[in-house]
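Participant: the following block contains a protein sequence and its predicted model.
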Amino acid sequence: MSDNDRKQFEPRIIAFFCNWCTYTAADLAGTARMAYSPNVRVIRIMCSGRLDPQFILKAFREGADGVLIGGCHPGDCHYQEGNYKALRRFTLLKRFLNMMGIEKERIRLEWIAASEGDKVQKVINEMTEQVRKLGPLKLEPASQLQPQNDRVSRVEPVTIAEGEAS
Amino acid sequence: MNKWQGWRKIRYESDLDPQFVNEIASIPGGEKLYSCIQCGTCSGMCPISPYMDYTPRQIIAMIRAGFKGEVLSSYTTWLCASCYSCTVECPKDIKLTDIMYAAKRLAIREKVYPKRFPTPVLASEFFKAVENYGRSTESWLLVNLFMKTNPFKIFKQMGLGLRLFSQGRLSPKRESIKRRGELKSILKVLEKEHMVKSKDELVSTGKEIA
Amino acid sequence: MSTVNIPSPNGQPKIGVYVCHCGINIAGRVDVKETVAFAKTLPNVTVATEYKFMCSDPGQEMIQKDLRDGKIDRVVVASCSPLMHEPTFRRAMIAADANPFLFQMANIREHVSWVTLDKNAATEKAKALIAAAVKRIVLHRPLEKTRVPVTSDVLVVGGGIAGIHAALTLAEAGRKVYLVEKEPTIGGHMAKFDKTFPTLDCSACILTPKMSAVRAHPNIILWTYSEVAEVEGFVGNFKVKVKRKPRYIKEDLCVGCYECVEACVFKKGITKDEFNVGLSKRRPIYIPFPQATPLVAVIDPETCVQIKRNKCKKPCVDACERDAIDFDQKVEIKEIDVGAIILATGFKTFDASRISRYGYGKYPNIYTSLEVERMVNAAGPTGGEVHLQNGEKPKTVGIVHCVGSRDSKTNAYCSRVCCMYSLKLAHLIKERTEAEVYNFYIDMRTPGKGYEEFYEKLLKENVHFIRGRVAEISDWATIPEEEGKLVIRAEDTLIGAVRRIPVDMVVLSVGMEPHENVDEVRRLFNVSCSHEGWFLERHPKLAPVSTFTDGVFLAGACQGPKDIPDSVAQAGAAAAEALALIDRGYVELEPNTAYLQEEFCSGCKTCLGLCPYGAISFNDEKNISSVNGALCKGCGTCVAACPSGALQQNLFTDEQILHEIEGVISYV
Amino acid sequence: MSYIYYPGCSLKSTGRAYEDSLLAVFEALDIPLQELEDWNCCGATAYMSISELKAFALSARNFALAERQNGENDFAEMVVPCAACYLGLNKAHRYLAEHPELRETIDRALEAGGLKYNDKIHVRHPLDVLINDLTPDKITGLVKRPLEGLKVACYYGCQLVRPYSDFDDQHDPQTMDKIVKMLGGEVVNWPLKTRCCGGSLTGIVQDVGLRLSYILLAEARKRGCDLIVTACPLCQFNLECYQSRISGIYGHKIKIPVIYFTQLMGHAFGLSDEMLGLKRVFVSPARAFSKAEGGQHVHG
Amino acid sequence: MSKPKVAFYWCASCGGCEEAVVDLGPDILKVVEAVDIVFWPVALDFKRSDVESMLDGELTVSFINGAVRSSEQHEMVELLRRKSGLVVAFGSCAHTGGIPGLANLFDRKAMFDEAYFNVPSVVNDEKTVPQEEYEAPEGTLTLPNLWNTVKTLDQVIPVDYYLPGCPPPVNLIAEAVSKILKGELPPRGAVLAPDIALCDECPRKETKPEKMSQKQFKRPHEIMIDPEQCLLAQGLLCLGPITRKGCGAACTTANMPCTGCMGPISNVIDYGMKALSAVASLADSNDEEEIEKILSKIVDPVGTFYRYSLPASLLHRYYQPAAQGGKQS
């Protein structure tokens, strides 16, 4: 890695992988020594259906720049249809986050079967690059009990005509 | 070769160029080269392999082993007619025709192609014409080609040429596009870029060398 | 948010972090020293240390000693995937009288050292995963596994050699076995082969006794011409529905006398004979082959005049002395309870017409290897004679290896059996016809007992071997000697020359492929497939016959290309695994089930419709939901949906996961 | 759908008959072809050998020009009759889509020439257009001189179907066969329909090139064909113009007319020999055509 | 011994919370009897200087309603915090940001543009907007600075207790006051309302079907609402399952779906996400397109699920340099 590379923004991505398909696929990628970018940290859940959207906001709030969700292919869920439940939530969440101003590339749902180690590699590399291109996720600080006076707004200064400040 | 001439068929590793394979593999999709299993489908499909000094499969083996000199000065690449039979049938998706092109380009860059062999001359004449006029003119191309390879041969071709001329299938008029400047500025940008990376370029771009 | 504080048995939690080197598997990429130093700085960590192989006995003893000494009460091991060694370390905890669920693994091998090129990045990522585990384990609480009794019957799906062997093994052990086969007879591919390599013993001679044994065994219920339609339940307690297609013959009455077949209005075969892979024809009423098991006729509804048009003189009915023919048979659904399932659904051969340059189906005298198997079989359509379509014996035969195999456009994998059976066919053809035989191969693969010796035998028999994959087969002759022949064009790679070899007959050694309906089958049984379509084993080395669905085992070629010895060995292994499960009498369920914090449940019923297992019901008395832990499989879908956070999942509570998120990102 | 016609260098020279007949046939079929303004060389085979990047840039310029000429329309169908140009443009089209780094370089180059390419081009061969954009009755409806009894070998050559074309089978292409059948002709079973004719080697490395052409011609003759149709100016040239030399070298008298499939179509449509460039041939198809005469006129 | 001193203050809110205090009815007299109201700008004539002159901690309790979104509100709540023993965030706006919090989907410029230029009824040819400082003959006149971001009270000052609701239900207010007076308070940080969702007290609970799935979500004006049946089962987006009870199911009793003003129960850290998860789970389909179609009927998911709690969202808000937030694409 050259100095130049080191300086570039390294996104932090949290991945939620289901135990049976995608986590196993990630293990397989490991067994097959398929190197991929180190930016993704995997949290194992039993099924993508366990994924509570709260976790995703929590990840963003804690400093993640992207969230990746991996589940079994439709029809392949170890728990019959947990991945469909995940899909339902994800569908609405995507719209929701879009309204909140979060770029759609920061969150991604992928179906990755236990045999698809190469897909883990591909998706992680792609997503890292995608998020790297977007740059860090900038959230308003929400630390409690610290009054934030955003007087110094980066919004364009408002033009104020005379005689209105009554 | 019916007389024993004291050949010594041994190649020392230090004479070979281990980077050669990476140079060739730097073309788009070139990394597939590493997965060749030497099955020979390419040579079997190739309509011209009987005339080649090395079969296409051997070319791959030699590229991988670093036989740079042999590959770049071989006739094989210049005999390739780009029919893509090998590329289509390769069980490992090696784009062999593209690899032949890459070898040809390197050979020209390093000036080791077989001199006076007509195909490299044709290529460079064609290249020059298109570079300048945006189109090739077949009559000019052929005249130039024979002048540079075998000027006497042109008489042999004369009859054919005249007949084509009489049928309106050859014309002495130079074909050209109108906006030559536009094309020149496009090509100028690419002057310094190559799709086959030289060893130095490979090192400087920090490309992972497998 | 209310913080449910789980007090450690002795006040503050005491966490031990053990970082494994895994030889150089981890230590080669992750700076273990730095990682341990980092772990020491994490809150509540009282022990942080490293060891070469944590999974080894000394490694486990380190943990046990620290637990016994009271230095720690929770354990984080940073090593390989939990799918690999979680059970090992949990057992170690039990042995040290600690609750095995006060344990968490950080996967720094499969997810870090093996996939990260940069050492710094690998070390940082390892730290993050350890921090996450430490952060989450604070909230772990002691849990108990629950036990569920197991039904002792077993279902074997597929009646090829693998299914037959598995069924017999279990039946011999006294278990009741349901053997379900979709064809009218068991026997599978092996029944079609003539000889088997490398011993050249007769396939039928060694298979038929096993087929009869299946038929005769009191513990085996054989349902041929049947398919599994539905599978419900879970390990030890599967509920399966089997669809029995009507064969229009009463199985218990038919004695396989062929009278009905002879009597049929069709005096000759009219449709492709499946058993002879299309080399001969059969009638609408037929018995697949003389050793068919059960030896019962079957009527093909597609071609039978009576069934199709309801106007036949039905001479078959008159011919049958036992009144076994019954045109009113309907599909029958059988419901069974089994404790384990063995899948032995086998394979199909590659369709050679997919490679058009080999001319299969276009030129005469080009056969697939399976067709030639039937041809050389004395009971086959030619009575064991190898001849061309004009009736003459071939003088030259080309055997093309790797048809459909080792090619990214068809199947990228090696089918494993083709080299050996090609050698076998070369021997048999030479033996029967004295033809010159040319084998075209890429690599000669003969790993197996006696296999290399067999290759040597063929070399000595002066069979030609050309190392080169065949490019083309055509009838295009360039010289008079090639006229009227099939010309095989290939590079002889050992010589470096392209060769054109005219032959009279070509054998295409087709590879093995998963069945077309493999997707339906795997969904039915809830198992995964590799991307080629082979059923995926739980672990390629350590759990080769288990699947990710507990209680479902694999045998034979449905898991990947295999020859007969390997299929039989795997079938035995699958039977043993099933037996081990059943004989224990119970299964322990992972306690990662959902549970309800009743005080927070408002009875909104959001969860009720989400559970695929019906594990949640509504308690009308309390007016809230209720979770049946025995039925819950622990997916957590209901937990994610519960709007009150009243439902939680053991080992995966909201708080544990939220802590893990914090941990994975906040320290590094 | 708008069709932009890309002739390429050969169709203005040795392949003029191809252009003549193509334009005549498309006009008869009422498919307007608009020639691409100021088109340049596709960057074909020989060019690739010197600079692949520049070859792609040449193709890209053609794409950009075609888009511009196409104006507000969504996609331009770029009709490329020369097999070598078809491959060159098709390959560039594909590589630009598949290799972002290459694309970025080429975009930069185009920009220097004040051009931009927005992926709004489909590269099409006339055979593709005739078979996939028209209903079969459109062609059969125009047949005035059906080719009954005429045995035709359809020669696709290599670059038309390999390696990227997706409109026809790579091993056993059928589009030209279908057209010949629509015209009433009989297609000869000829296993060499995609085997290389020698390409640019034929004229210059004659030991090799002429032999390749000879193989094709000899096999066609052996299989009793009256006529070979091609879809590539170079194939046509090699197979036709060197016939007498080949006969000399291999001592095997060969005289088979080799014409473009568009010429054959035009003939069946009743168009004049002049319109179809049938005067520009070395081996006249007149005898072969007369064999088919006496066949019924299909439509008035 | 003097009576406990109490302050009421009003930040970014509609004033409904102040009404709620008055709604205590006769009970208010008991309150007045028990305490000294020393600061209540909306009702009584006290000045900021009166508070400033108090000792730190002199106020027993301050009830502050409204979100915080201007420099003046900021100064006042900091002042009250300093002077008070207890601060109670009163009502949805102070608790989770409330309706004014939805302004966080936009930025200040967008809002100014809307209010001073874009609204059809506005005539503002001179393009005047308020400015913070103005030089008048009398000297420099100032206006408070309007923040770009709306905040909950506890994002600005430490808060001891929360009284949820829009406005807080009268019974909860009375109970809270009495607890304060008696000193029977729960641990600090608690929400002074029952910790269980609304379904628990909803009169329609009995009519809930076993399987709560929906092929089509509807909005109240689109159907004749059955007065007996569970509203969610009728396809209406009733947020009762996600929302804390304590209001006596006022809305559902009045034939309107719950919109979530009481906020989440204590197990939930992000109201909007939980609501989204629960509601999306009900979409009765496993087909990607159909799921999309069913859920597309939820017109404004952020406005629906974060109606009262956008500033309290875990995400808080995305930092947007440009004023394009909230526009649905």
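Facilitator: Ah, there it is.

Participant: and stretch C:340-356, does that touch chain A?
Facilitator: No: in terms of Cβ under 8 Å from any Cβ of the partner chain, no part of stretch C:340-356 sits within range of chain A; the closest distance is 15.4 Å. Just so you know, the C-beta spots here come from the backbone N, C-alpha and C atoms, and that holds for glycine as well.

Participant: that stretch close to chain B?
Facilitator: No: counting by Cβ under 8 Å from any Cβ, chain B has no neighbours in stretch C:340-356; the shortest distance is 9.4 Å.

Participant: how near is the residue nearest in space to the middle of chain D to residue D:258?
Facilitator: Most central in chain D under Cα atoms, centre = their mean is residue D:231, positioned 2.9 Å from the mean C-alpha point. Using Cβ to Cβ, to the nearest Å, residue D:231 is found at 12 Å from residue D:258.

Participant: okay, and the common contacts of those two?
Facilitator: Contact criterion Cβ atoms under 8 Å, 6 or more residues apart in numbering or on different chains; residues shared by residue D:231 and residue D:258: residue D:155.

Participant: helices of the stretch 151-300 of chain D, start to end?
Facilitator: Counting by DSSP state H, counting those that start in this stretch, the segments of the stretch 151-300 of chain D that form helices are D:175-182, D:201-204, D:206-222, D:233-241, D:243-250, D:261-268, D:286-292.

Participant: in which helix or strand would I find residue D:3?
Facilitator: strand D:2-5 (DSSP states H and E).

Participant: partners of that strand in the sheet?
Facilitator: Strand D:2-5 has its sheet partners listed here by DSSP bridges as strand D:33-35 (parallel), strand D:76-79 (parallel).

Participant: now, of the ones you listed, which is deepest in the fold?
Facilitator: Among the strands paired with strand D:2-5, the stretch with the highest mean neighbour count (mean count of other Cβ atoms under 10 Å in any protein chain shown) is strand D:76-79, at a mean of 25.

Participant: and the next element down the chain from it?
Facilitator: Next helix or strand after strand D:76-79 toward the C-terminus (DSSP H and E): helix D:83-98.

Participant: what's downstream of that next one, the next helix or strand?
Facilitator: helix D:100-112.

Participant: what about that following helix and chain A, touching?
Facilitator: No: contact of helix D:100-112 with chain A (Cβ under 8 Å from any Cβ) is absent, the minimum separation being 10.5 Å.

Participant: packing partners for the helix or strand that that helix is followed by?
Facilitator: Note on helix D:100-112: by DSSP H and E, the next helix or strand toward the C-terminus is strand D:121-124. Helices and strands touching strand D:121-124, by 3 or more Cβ pairs under 8 Å, 6 or more residues apart in numbering or on different chains; DSSP states H and E, are helix D:52-70, strand D:76-79, helix D:83-98.

Participant: of all the ones you listed, which one is nearest residue C:331?
Facilitator: The closest of those to residue C:331 is helix D:83-98. By Cβ to Cβ, the value is 50.1 Å.

Participant: got the angle for that closest one vs helix D:100-112?
Facilitator: Going by axes from the mean of the first three to the mean of the last three Cα atoms, to 10 degrees, helix D:83-98 is angled at 110 degrees with respect to helix D:100-112.

Participant: the residue of the stretch 451-600 of chain C found nearest chain E: what's it in contact with?
Facilitator: Residue nearest to chain E within the stretch 451-600 of chain C: residue C:600 (5.8 Å; Cβ to the nearest Cβ). Going by Cβ under 8 Å, 6+ apart, residue C:600 touches C:644, C:645, C:646, E:195, E:196, E:197, E:265, E:267.

Participant: give me that answer again for 6 Å
Facilitator: C:644, C:646, E:267 (Cβ atoms under 6 Å, 6 or more residues apart in numbering or on different chains).

Participant: list phi and psi for the second one.
Facilitator: Just to be clear, that refers to residue C:646. Main-chain dihedrals, residue C:646, degrees, to the nearest 10: phi -80, psi -30.

Participant: show me what the most centrally placed residue in chain A is bridged to.
Facilitator: In chain A, the residue lying closest to the centroid (Cα atoms, centre = their mean) is residue A:67, at 1.5 Å. With DSSP bridges as the criterion, residue A:67 is bridged to residue A:14, residue A:107.

Participant: you'd agree it is up against residue A:105?
Facilitator: No: Residue A:67 is beyond contact range of residue A:105, at 11.0 Å (criterion: Cβ atoms under 6 Å).

Participant: what score does the residue lying farthest from the centre of chain B have for pLDDT?
Facilitator: Distance from the C-alpha centroid of chain B peaks at residue B:166, with 33.7 Å (Cα atoms, centre = their mean). Looking at residue B:166, its pLDDT reads 83.

Participant: flag every residue of chain C that's near chain D.
Facilitator: C:356, C:357, C:474, C:476 (Cβ under 6 Å from any Cβ of the partner chain).

Participant: let's go with 7 Å and repeat that
Facilitator: For chain C, the residues in contact with chain D (Cβ under 7 Å from any Cβ of the partner chain) are C:356, C:357, C:474, C:475, C:476.

Participant: let me know the pLDDT of residue D:71.
Facilitator: Note on residue D:71: pLDDT of 86.

Participant: tell me how many other residues surround it.
Facilitator: By other Cβ atoms under 10 Å in any protein chain shown, 8 other residues sit near residue D:71.

Participant: where's the closest residue to residue E:117 other than its chain neighbours, which helix or strand?
Facilitator: Nearest non-adjacent residue to residue E:117, counting by Cβ to Cβ, 6 or more residues apart in numbering or on different chains: residue E:124, 6.0 Å away. In the assignment (DSSP H and E), residue E:124 maps to no helix and no strand.

Participant: what's the distance between residue E:124 and residue A:132?
Facilitator: 44 Å.

Participant: cool, and residue E:165?
Facilitator: For residue E:165, the distance to residue A:132 (Cβ to Cβ) stands at 45 Å.

Participant: which one's more surrounded, the two?
Facilitator: Remark: of residue E:165 and residue A:132, residue E:165 carries more neighbours, 27 against 18, as counted by other Cβ under 10 Å.

Participant: the more buried one against residue E:90, yeah?
Facilitator: No: the criterion here is Cβ atoms under 7 Å, and residue E:165 misses it with residue E:90 at 9.1 Å.

Participant: A strand includes residue C:626, no?
Facilitator: Yes: the assignment for residue C:626 is a strand, going by DSSP: H, G, I helix; E, B strand; the rest coil.

Participant: could you find the closest non-adjacent residue to it?
Facilitator: residue C:619 (4.4 Å).

Participant: next, count neighbours for that neighbour.
Facilitator: Around residue C:619 there are 13 residues (other Cβ under 10 Å).

Participant: before we move on, what about residue E:260?
Facilitator: Using other Cβ under 10 Å, residue E:260 has 28 neighbouring residues.

Participant: quick check: chain neighbours aside, which residue is closest to it?
Facilitator: In space, residue E:260 is closest to residue E:239, 4.1 Å off (Cβ to Cβ, 6+ apart).

Participant: verify the stated contact: that neighbour with residue E:258.
Facilitator: Yes: Residue E:239 is within contact range of residue E:258, at 4.8 Å (criterion: Cβ under 7 Å).

Participant: what sits in contact with each of those two?
Facilitator: When Cβ atoms under 7 Å, 6 or more residues apart in numbering or on different chains defines a contact, no residue borders residue E:239 and residue E:258 alike.
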